[in-house]
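Engineer: Please work out how this folds:
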Amino acid sequence: MNKFFISFLFFPSLIFACSDILNTEMRLLDSSETINLCKYEDQVMLVVNVASRCGYTYQYASLQNLYDEYKDDGFVVVGVPSRDFMQEYSNEEDVAEFCSTEYGVNFPMLSTSKVRGKKANPFYKKLIEESGYSPSWNFNKYLISRDGNVVSTFGSKVKPDSKELTAKIEELL
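Structural biologist: Predicted coordinates for the structure are as follows:
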């Protein structure tokens, strides 16, 4: 057997390695289930730190619309609830119910966690390190290309359905 075949047979992750940013285990919202974000490799991702009691909470509707419009083209929105700015429910069940009931959210939502500072979850630490951009408020957005690199960041004031953001998504798709 040649070395390539042996490597593929015994170490397939060496051949098809996921990007370091995505290679992170995270728990899903209001669940004991965890996923590795490599699940979204080869998709364009919009990662957003969200909160249910924020002035920007209305952006959930546009995030859901974006997800619905582009998911069949290889696009995913990933929400990360955070209490860093003290505007998120303390109970994950309440967060999940609010998002589902008020905005019909069905894009992936990760567990409530810190998204800035020394206690940021491992995924956000990687996003911040690669982009040089740390969330300054709720609804900051990271756009990740199909190869797992952060290509753009957007502040809270940039609406998900803005020309600026949708043009960048369409360019990556």
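
Engineer: burial count for the closest residue to D42 other than its chain neighbours?
Structural biologist: For D42, ignoring the flanking residues on the chain, the nearest one in space by CB to CB, 6 or more residues apart in numbering is R146 at 5.2 Å. C-beta: built from backbone N, CA, C; applies to glycine. Look at R146: counted by other CB atoms under 10 Å, it has 17 neighbours.

Engineer: try V78
Structural biologist: Residues near V78, counting by other CB under 10 Å: 22.

Engineer: can you offset everything so residue one is 353?
Structural biologist: With 353 as the first residue, the last one maps to V430.

Engineer: Low-confidence ranges, the chain, go.
Structural biologist: 353-368 (pLDDT under 70).

Engineer: quick one: the strands in it?
Structural biologist: With DSSP state E, the ranges of strands along the chain come out as 377-379, 386-388, 396-402, 427-433, 493-496, 502-506.

Engineer: Out of those, indicate the one that is most buried.
Structural biologist: Most buried of these by mean neighbour count (mean count of other CB atoms under 10 Å) is strand 396-402; its value is a mean of 25.

Engineer: Identify the residues contacting that one?
Structural biologist: Residues from elsewhere that reach strand 396-402, judged by CB atoms under 8 Å, 6 or more residues apart in numbering: 409, 411-412, 415, 418, 422, 426-434, 436, 440, 451, 461, 467, 475-476, 479, 487, 490-498, 512, 517, 521, 524-525.

Engineer: Might you report the residue contacts of the residue nearest to D394?
Structural biologist: E393, D394, Q395, V396, G426, L524 are the contacts of R498 under CB under 8 Å, 6+ apart.

Engineer: Equivalent analysis for V510, please.
Structural biologist: Per CB under 8 Å, 6+ apart, neighbours of V510: K493, E516, L517.

Engineer: OK, contacts around F459?
Structural biologist: Counted by CB under 8 Å, 6+ apart, F459 has contacts L415, Q416, Y419, K423, V428, V429, V430, G431.
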